[in-house]
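A.B. asks: got a predicted structure plus its sequence, pasted below:
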Amino acid sequence: MQTMEQSLNELRSSFASGRTRSVAWRKQQLRAVLKLIHDHEDEIFNALHQDLGKHPVEAYRDEIGVIEKSASLSLSSLETWMAPKKGKLPLLFYPAKGEVLPEPLGVVLIFTAWNFPISLGLDPVVGAISAGNAVILKPSELAPACSSFLARTIPLYLDPETIKVINGGPDVCERLLQLKFDKIFFTGSQRVGRIVMQAAAKHLTPVTLELGGKCPTILDTFTNAHDMKIAIKRIVGGKWGPCCGQVCLGIDYVLVEEKSASTLIKLLKEFIQIFYGENPKHSDSISRIVNKDHFERLRNLLRDPRVADSIVHGGSIDEGKLYMEPTILLDPPLDAQIMTEEIFGPLLPIITLKKIKESIEFINSRPKPLAIYAFTNDEAFRKQIISETSSGSVVFNDVLVQFLCDVLPFGGVGQSGIGRYHGKYSFDTFSHEKAVMQRSFFPELEARNPPWNDFKLQFIKLAFKFDYFGLLLLLLGMKRVGKVL
């Protein structure tokens, strides 16, 4: 078995040979990713059920389908993405031409998250391959069936001399971070993100950090009962549908006017029952908590008596089955842990306000979230949310759908993340845009060189200020400078 250092050295040699730069190699690997997920669809379903209790429909929607869409888009767009982009140079530089050439960064390290262990592992790999990099993938040890699957199958489908999987726990992560990479891509918690960034700083390694935060949902008062019902239906699907709320993009809490709170709670309960039955514990459509540590963390959020008193629905648990009922809380204390830490589970606080526009001040008083969801038909309020708040993304009248839209960048801001990916943005994340400029030896602009004089100063000022006169200035400057000298 290779050591980490040996694996890294082999990847560096392979990258240095140029094999990852060709269109043919990139397409071959992307087709291999597609073949891997198609050949092993049932095995992926089983692994996701074993690790997280995901139903095959949820597993396909959030995992396999995401990778199929991502790899297919890259395959069809690769030549366009790789093509140099011409730069329109100022006339002052005539005759010359410029272009921006995307080139691979080198050997990249990708850390995956446990809540979407297949899609959050392979999707960045698709981006890194598309950009022509060699890759080390470190799956999360908290999803052991999925990490074992990736370690076993990736070498059978993808080029093992350029793409490697290294499994293990925190000690393996720590050792990997001591090595020098050309890029680190991390998906996970803010706490671990800080560790990754600190380690990367030792080598000045660029990082993309896909973290999380407390994503708020603003629910405006609707005069149309249908719109209100659809909004709350989407809130239920977005909160408890993907991975039982264990989602960085998931709804953390809802902001609503006091007068609408009772309607919100009533409809939340109705849709929970429609989606998951009278007793969600027996439903196969809701995932379970990933492990006992996270289960205990969530239970501790409810042990605060002030928080327990705010529960208006749910609250039951089954530690043996790692089950926690969809739970609704009304106005828990804002200084309680449930309102200061990312919940990452099936608990939904509702915070009431006198006026819904107070939600902007409420959100701005807290760290910048990964996403803001707002249900409203008020166009002026939409513009106000966009202009007066900061977040990784804003979605109106729906939740989570931005993650599936490859033409939009996905990423955070502030504590919710650094960098972005998805579609072309993934290609860009794993590429360096190299500026290339070519000039002729004639003509030579003497005004650029000493000895300095007043004419040269005025010439340079005009050249910077009036670029469209650049060619004329160049010719006149050559003639004038020749006389002055």
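C.D. replies: In hand now; what should we look at?
A.B. asks: separation between the residue lying closest to K97 once chain neighbours are set aside and M82?
C.D. replies: Excluding the flanking residues, the one nearest K97 by Cβ to Cβ, 6 or more residues apart in numbering is Q438, at 5.4 Å. The C-beta positions use only the backbone N, C-alpha and C, and glycine is treated the same way. Distance of Q438 to M82, given as Cβ to Cβ, to the nearest Å: 20 Å.
A.B. asks: P102 now?
C.D. replies: Applying Cβ to Cβ to P102 and M82 gives a distance of 6 Å.
A.B. asks: which helix or strand lies directly C-terminal to whichever helix or strand V394 is part of?
C.D. replies: Element membership for V394, per DSSP states H and E: strand 393-396. Downstream of strand 393-396, the next assigned helix or strand under DSSP H and E is strand 417-418.
A.B. asks: strands paired with that next one, and their directions?
C.D. replies: Applying DSSP bridges to the sheet, strand 417-418 is found paired with strand 207-210 (antiparallel).
A.B. asks: give me the contacts around the partner strand.
C.D. replies: Strand 207-210 has contacts (Cβ atoms under 8 Å, 6 or more residues apart in numbering) with 113, 183-188, 193, 196-197, 200, 248, 410-412, 417-421, 429.
A.B. asks: which of the residues you listed fall in strands?
C.D. replies: 183-187, 417-418 (DSSP state E).
A.B. asks: more crowded one of Q438 and M82?
C.D. replies: M82 (18 against 10; other Cβ atoms under 10 Å).
A.B. asks: still on that earlier bit, same list, the ones in strands among the contacts of strand 207-210, but as CSV with neighbour count please.
C.D. replies: Converted to CSV, those look like this (neighbours: other Cβ atoms under 10 Å):
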residue, neighbour count
K183, 25
I184, 22
F185, 27
F186, 28
T187, 26
G417, 24
I418, 18
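A.B. asks: hmm, which two among those residues are most spread apart?
C.D. replies: K183 and G417 (15.2 Å; Cβ to Cβ).
A.B. asks: gap between P139 and F459?
C.D. replies: Using Cβ to Cβ, one gets 61 Å for the distance from P139 to F459.
A.B. asks: which of those two has more residues huddled nearby?
C.D. replies: Higher neighbour count among P139 and F459: P139, with 28 against 21, using other Cβ under 10 Å.
A.B. asks: ok, that one - contacts?
C.D. replies: By Cβ under 8 Å, 6+ apart, the neighbours of P139 are 112, 117, 121, 146-147, 150-151, 165, 167.
A.B. asks: change it to 7 Å
C.D. replies: Residues near P139 by Cβ atoms under 7 Å, 6 or more residues apart in numbering: 112, 117, 121, 146-147, 150, 165, 167.
A.B. asks: same deal with D406?
C.D. replies: So D406 contacts 69-70, 73, 422-423 (Cβ under 7 Å, 6+ apart).
A.B. asks: just the pLDDT for T3.
C.D. replies: Residue-level confidence at T3 comes out at 89, pLDDT.
A.B. asks: tell me, how many residues neighbour it?
C.D. replies: When neighbours are defined as other Cβ under 10 Å, T3 has 9 of them.
A.B. asks: show me how the chain divides into domains.
C.D. replies: The record, using automatic domain parsing to delimit domains, assigns the chain the ranges 4-211+422-433, 216-411, 441-484.
A.B. asks: element containing the closest residue to L89 other than its chain neighbours?
C.D. replies: Nearest residue to L89, sequence neighbours excluded (Cβ to Cβ, 6+ apart): G98, at 4.9 Å. If you go by DSSP H and E, G98 is part of strand 96-104.
A.B. asks: K214 too?
C.D. replies: Using DSSP H and E, no helix or strand contains K214.
A.B. asks: not counting sequence-adjacent ones, nearest residue to it?
C.D. replies: The nearest residue in space to K214 (Cβ to Cβ, 6+ apart) is D252, at 4.0 Å.
A.B. asks: for the one you found, give its distance to E342.
C.D. replies: On the measure of Cβ to Cβ, D252 and E342 end up 6 Å apart.
A.B. asks: more crowded one of the two?
C.D. replies: D252 (28 against 20).
A.B. asks: for the more buried one, which residues are in contact?
C.D. replies: Contacts for D252 were tallied using Cβ under 7 Å, 6+ apart; they are 214-216, 342-343.
A.B. asks: from those, which is closest to L204?
C.D. replies: E342 (29.3 Å).
A.B. asks: tell me the secondary structure at that closest one.
C.D. replies: coil (DSSP: H, G, I helix; E, B strand; the rest coil).
A.B. asks: that one contacts K214, doesn't it?
C.D. replies: Yes: here E342 reaches K214: they are 5.5 Å apart, a contact under Cβ atoms under 7 Å.
A.B. asks: could you count how many residues lie near the nearest residue to D318 once chain neighbours are set aside?
C.D. replies: Nearest residue to D318, sequence neighbours excluded (Cβ to Cβ, 6+ apart): K281, at 6.3 Å. Other residues lying near K281 total 16 when counted by other Cβ under 10 Å.
A.B. asks: list the contacts for K281?
C.D. replies: 318, 323, 325.
A.B. asks: ok, back up a step: among the contacts of P139, name the ones in helices.
C.D. replies: 121, 146-147, 150 (DSSP state H).
A.B. asks: which one (most neighbours) among the residues you listed?
C.D. replies: Of the ones in helices among the contacts of P139, with other Cβ under 10 Å as the count, G121 tops at 28 neighbours.
A.B. asks: got phi/psi on the nearest residue to P332 once chain neighbours are set aside?
C.D. replies: Of all residues not flanking P332 in the chain, S310 sits nearest, at 4.2 Å (Cβ to Cβ, 6+ apart). The phi and psi torsions at S310 (degrees, to the nearest 10) take the values phi -90, psi 0.
A.B. asks: S310: what's it in contact with?
C.D. replies: 329-332.
A.B. asks: ChimeraX command for the buried members of these?
C.D. replies: Entered in ChimeraX, the line below selects the buried ones among the contacts of S310, by 16 or more other Cβ atoms under 10 Å:
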select :329,330,332
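A.B. asks: out of the contacts of S310, flag the one nearest to T205.
C.D. replies: P332 (40.2 Å).
A.B. asks: host element of that closest one?
C.D. replies: Counting by DSSP H and E, P332 is part of no helix or strand.
A.B. asks: mind checking how far it is from V107?
C.D. replies: Distance, P332 to V107, using Cβ to Cβ: 46 Å.
A.B. asks: check K266 too.
C.D. replies: Distance, K266 to V107, using Cβ to Cβ: 55 Å.
A.B. asks: ok, which stretches of the stretch 351-485 of the chain are strands?
C.D. replies: Secondary structure of the stretch 351-485 of the chain (DSSP state E, counting those that start in this stretch): strands located at 371-375, 393-396, 417-418, 431-439.
A.B. asks: any idea which of those is most buried?
C.D. replies: Among the strands of the stretch 351-485 of the chain, strand 371-375 has the highest mean neighbour count (mean count of other Cβ atoms under 10 Å), at a mean of 26.
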